[in-house]
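K.L.:
Dropping a prediction and its sequence here:
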Amino acid sequence: MGIQDIKFTGLIQNRDLSSITGPEFFNALYACGWKEGIGTHFLQQLRKDGPTRGIYTPAQLERAIARGTSEPGRDGKTIHWVCNHSAYIVYNDATRTLITFSQGRPSEGKSSRWDVSRALQYLRSKTKPPPPYGYHKCATLVEEAIAVGGLAIVKFGSGKAKDFGPRLIRAGFVAVLGTGRPYKKGDVAVIDGFTDSAAPEHNSPYGHMAMFDGSIWISDYQQPGDTPYPGSHYEKAKPKITIYRVPE
């Protein structure tokens, strides 16, 4: 039985994690053919980091595991990515033991936890031909790319592209003073929304987000031009752009 076969049953599956005792969680795992590692470490970490990824109950953990993907870890352990690669579970497949749950990426010694190449690879893989200016997924895809790159995005606020600044700062980005030029690989642009009474079909009240790949800006499509603005209507309106960057 693999980790994706974990199925919680009974009343415990919809109980809040904060109300579940260590023995109760251990018994629920045991019924699935799994166990927890040292003490109640897994449950404690799940209580701490799970809610930032929308996991409040065993049933939500079960769904996250079912949608995740595993890859080999170190020392015979396996890493199971969940929540669009924004969190992970470390487990021992041989002993069917859940070891820890954490947001972000596993520590790799002295290397930076921000893997901009991995983030951009993910973002490029999700782009589609624009109709003509993307398909209204800019904030979702840039957020997912940042998580794949190893920085945890905590969900709060409106979630609209124009309001993403505080989430980026909490994840480890800083706002760059001025225009942000010259842009650096991995920079994220957050653009204010705007309305155009003369051409309401071009209104964009939710704003826009994009990431710089070293040559072009990418959102839900690969944008033309040398600015983060996604099209001519933005170029005409010129809403405020704020550049966010991970410090070196």
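P.N.:
Yep, that arrived. Being a predicted model, the structure only gives us computed values, none of them experimental.

K.L.:
ok, how many other residues are close to the closest residue in space to residue 223 that isn't next to it in sequence?
P.N.:
Distances taken as Cβ to Cβ, 6 or more residues apart in numbering put residue 217 closest to residue 223, at 4.5 Å, once the chain neighbours are dropped. In short, each C-beta sits where N, CA and C put it, glycine included. For residue 217, the neighbour count with other Cβ atoms under 10 Å is 24.

K.L.:
Nearest residue to the residue nearest the centre of the chain in space, please, no chain neighbours.
P.N.:
Taking Cα atoms, centre = their mean, the centroid of the chain lies closest to residue 147, which sits 3.3 Å from it. Nearest in space to residue 147, with sequence neighbours left out and distances taken as Cβ to Cβ, 6+ apart, is residue 86 at 3.4 Å.

K.L.:
Which pLDDT value goes with the one you found?
P.N.:
Per-residue pLDDT puts residue 86 at 79.

K.L.:
you'd agree the residue nearest to the centre of the chain is up against residue 85?
P.N.:
Yes: contact status for residue 147 versus residue 85: in contact at 5.6 Å, counting by Cβ atoms under 8 Å.

K.L.:
Could you chop the protein up by domain?
P.N.:
Using automatic domain parsing, the domain parsing of the chain gives 3-103, 116-245.

K.L.:
follow-up on the earlier one: would you mind measuring from the residue nearest to residue 223 to residue 10?
P.N.:
Applying Cβ to Cβ, to the nearest Å, the value for residue 217 to residue 10 is 50 Å.

K.L.:
likewise residue 148?
P.N.:
35 Å.

K.L.:
Comparing those two, which residue is more hemmed in?
P.N.:
Using other Cβ under 10 Å, the more surrounded residue of residue 148 and residue 10 is residue 148, with 21 against 10.

K.L.:
Would you mind measuring from the more buried one to residue 53?
P.N.:
Counting by Cβ to Cβ - residue 148 and residue 53 are separated by 14 Å.

K.L.:
and if you look at residue 181?
P.N.:
From residue 181 over to residue 53 (counting by Cβ to Cβ), the distance is 35 Å.

K.L.:
More neighbours: these two, which one.
P.N.:
Taking other Cβ under 10 Å, residue 181 and residue 53 do not tie; residue 53 has more neighbours (23 against 11).

K.L.:
Distance check, residue 238 against residue 214.
P.N.:
Distance from residue 238 to residue 214, counting by Cβ to Cβ: 24 Å.
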